[in-house]
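**Student:** Quick check, what structure comes out for this input:
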Amino acid sequence: MNHATIHPVWVRAFHWINAAAVILMCMSGWQVYEASPIFKVIHFPSVITLGGWLGGALLWHFAIMWVLVANFVAYLVLGIFTGRLRRTIFPITFRAIATDLVAALRGKLSHSDLGAYNAVQKLAYLVVIVAVALVILSGLTIWKPVQFPVLRTLMGGFDNARIVHFAAMSVLAGFFVIHIVMVALVPRSLLAMIRGR
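**Tutor:** Sure thing, here's the model as predicted:
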């Protein structure tokens, strides 16, 4: 029986901290959104929001923001320094993504080695990294539009930064749902993220 570590302690810690931070950021963000909706047809019921009102939601959002940023930066630094990001996510090719996506849709994608990501997983994790970076950068733009004029310009202005923020959050929420479904289909992956193997 193979007892090799799939996910080192630091990866597991960052994973769970990130999961909690993103959930709390989404819930408090949805409450903030309700005070000034971007899209009139999209609303979030109070049962899935956090903060109770705009002021309370902002307090939660700003408090958890620091956890998300610190966790993300530390994860990237350690991932790059240890070479784990390069080993787990790269190389990735369009051909491999297409092949693995077709295999996944046909229920033929193997999960025998939890330590080796298939091309679809690699793409998903890469998209999540980009989405978290966009959430942070657009969030800074919304929070301090005057202090970050370059970011504001890159985002296309304050109003567009809100749309970027919402879109990046939506990507993270969508990933979360798919991630939960995949964990339900391959429960060994949850054990690996809890105990490391």
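**Student:** for this structure, which spans come out with low pLDDT?
**Tutor:** Judged by pLDDT under 70, the chain has its weakly predicted residues at 1-3.
**Student:** How far off centre is the helix or strand hosting V132?
**Tutor:** Mapping V132 onto the secondary structure by DSSP states H and E places it in helix 119-143. Chain-centre distance of helix 119-143: 6 Å, with CA atoms, centre = their mean, to the nearest Å.
**Student:** Which elements pack onto the very next helix or strand once past that helix?
**Tutor:** Toward the C-terminus, helix 119-143 is succeeded by helix 149-154 as the next helix or strand (DSSP H and E). The elements that helix 149-154 packs onto, with contact taken as 3 or more CB pairs under 8 Å, 6 or more residues apart in numbering; DSSP states H and E, are helix 119-143, helix 158-185. C-beta coordinates here come from the backbone N, C-alpha and C atoms, glycine included.
**Student:** before we move on, back to that, please name every helix or strand in contact with the helix holding V132.
**Tutor:** Using 3+ CB pairs under 8 Å, 6+ apart: helix 119-143 touches helix 9-35, helix 54-82, helix 84-89, helix 94-105, helix 149-154, helix 158-185.
**Student:** tell me the angle the last one makes with helix 9-35.
**Tutor:** Which is helix 158-185. 130 degrees (axes from the mean of the first three to the mean of the last three CA atoms, to 10 degrees).
**Student:** on contacts alone, who are the packing partners of helix 158-185?
**Tutor:** By 3+ CB pairs under 8 Å, 6+ apart, helix 158-185 packs against helix 9-35, helix 119-143, helix 149-154, helix 188-195.
**Student:** L50: which of these is closest?
**Tutor:** Using CB to CB as the measure, helix 9-35 is the one of the helices and strands packed on helix 158-185 that comes nearest L50, at 3.8 Å.
**Student:** which parts of the helix holding V132 are buried?
**Tutor:** 119-125, 128-129, 131-132, 134-142 (16 or more other CB atoms under 10 Å).
**Student:** Contact partners for V128?
**Tutor:** With contact taken as CB atoms under 8 Å, 6 or more residues apart in numbering, V128 is in contact with 171-172, 175.
**Student:** Put together a markdown table for the helices and strands packed on helix 119-143, with distance to A192 and mean neighbour count on each row.
**Tutor:** Shown next, in a markdown table, are the helices and strands packed on helix 119-143 (distance: least, CB to CB, whole Å; neighbours: other CB atoms under 10 Å):
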| stretch | distance to A192 | mean neighbour count |
| --- | --- | --- |
| helix 9-35 | 9 | 18 |
| helix 54-82 | 17 | 16 |
| helix 84-89 | 13 | 15 |
| helix 94-105 | 19 | 14 |
| helix 149-154 | 37 | 14 |
| helix 158-185 | 10 | 15 |
